[in-house]
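Visitor: here is my input; please provide its structure:
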Amino acid sequence: MGTMKPLALFILILCTIQPNNANDLLKKACIQTPFYTDCIRYLKSYANIDNSNLNEYVVLMFNIMKTEATATSTKIDKLLAGKSIPRASRAYSSLVICAKLYEEIATSDAVRPMESLIRGDPDIAIVAGKDVAGKAMQCENNFDGRGFGKTPITVENNNMNHIGAIAAGIAELLRYG
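Guide: Numbers count the residues shown, from 1 in each chain. Model (predicted):
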C-alpha cells in the first residue's frame with residue numbers, strides 16, 4: 001500500500017502537465033504565417049483566444065486590421081490637416097493616396113471576408129489579406145520611393161503589412177483544414 005502513494009502522485013502529475021491543445025493550435029497557426037511573433041502577439045491580445053479555432057483566429061485578425069486601419073486613417077488625417085507637411089510636397093500627395101488606401105482597408109478589405117468566413121469559404125479572406133499587405137507596401141513606397149523606414153507612417157504600414165500577411169496565412173490553413 002505504501003508504493004501506491006508514489007504511483008498515484010506520478011499519475012496525478014502526468015495528468016496535470018498535458019499540453020494545452022488551444023495553445024498548440026495557436027502556435028501551429030502562427031508558425032504557418034510569415035510573422036510568427038507578431039501573430040502570437042496580436043492573437044494573444046484577445047482574452048478568450050484559448051477557446052478559439054482557426055476561423056476565429058482569421059476573424060480576429062480582420063478585426064485587428066479594421067481597428068489598425070481606422071487608427072492609421074485618423075493619423076493620416078491629422079498629418080494632412082497639420083502644417084508640418086507642405087501641401088505641394090510629394091509627402092503630402094503620398095499621404096492623400098495612403099488615406100484612400102487605408103479607407104479601403106477599414107471599410108472594405110477588413111469587412112468583406114467576414115461573410116465568406118461565416119460560410120466556410122476562406123478564399124476571399126486569403127485574397128483580402130494579401131491585398132492589404134500589398135496596399136501597406138504601396139503606401140510606404142509612394143513616399144519618394146524610399147521604402148520602409150523613412151515615412152511619417154512607416155510603423156503603421158509595417159504593422160498593416162504584417163497583419164494582412166498573417167490573416168492570409170491563417171486563412172490558407174482553413175482552405176486545407
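Visitor: ok, which stretches of this structure are helices?
Guide: Listed in chain order, the helices of the chain (DSSP state H) span residues 4-16, 21-31, 36-44, 54-81, 90-104, 113-118, 123-141, 154-176.
Visitor: tell me the angle of the longest one relative to helix 21-31?
Guide: Using axes from the mean of the first three to the mean of the last three Cα atoms, to 10 degrees, one finds that helix 54-81 and helix 21-31 are set 50 degrees apart in direction.
Visitor: helices or strands up against helix 54-81?
Guide: For helix 54-81, the elements it packs on are helix 21-31, helix 36-44, helix 90-104, helix 113-118, helix 123-141, helix 154-176, judged by 3 or more Cβ pairs under 8 Å, 6 or more residues apart in numbering; DSSP states H and E. (C-beta placed from N, C-alpha, C; glycine too.)
Visitor: next one: the second one
Guide: Helices and strands in packing contact with helix 21-31 are listed as helix 36-44, helix 54-81, helix 154-176; criterion 3+ Cβ pairs under 8 Å, 6+ apart.
Visitor: quick one on the thing from earlier: want to throw the helices of the chain into a markdown table with mean pLDDT?
Guide: Formatted as a markdown table, the helices of the chain follow (pLDDT from 0 to 100):
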| stretch | mean pLDDT |
| --- | --- |
| helix 4-16 | 44 |
| helix 21-31 | 83 |
| helix 36-44 | 95 |
| helix 54-81 | 96 |
| helix 90-104 | 96 |
| helix 113-118 | 88 |
| helix 123-141 | 96 |
| helix 154-176 | 95 |
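Visitor: could you dump those to TSV with mean neighbour count?
Guide: Below are these laid out as TSV (neighbours: other Cβ atoms under 10 Å):
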stretch	mean neighbour count
helix 4-16	9
helix 21-31	15
helix 36-44	17
helix 54-81	19
helix 90-104	18
helix 113-118	16
helix 123-141	21
helix 154-176	22
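Visitor: check contacts around the residue nearest to the spatial centre of the chain.
Guide: Centroid-nearest residue in the chain: residue 163, 2.7 Å away (criterion: Cα atoms, centre = their mean). For residue 163, the contacting residues are 38, 42, 61, 64-65, 68, 132-133, by Cβ atoms under 8 Å, 6 or more residues apart in numbering.
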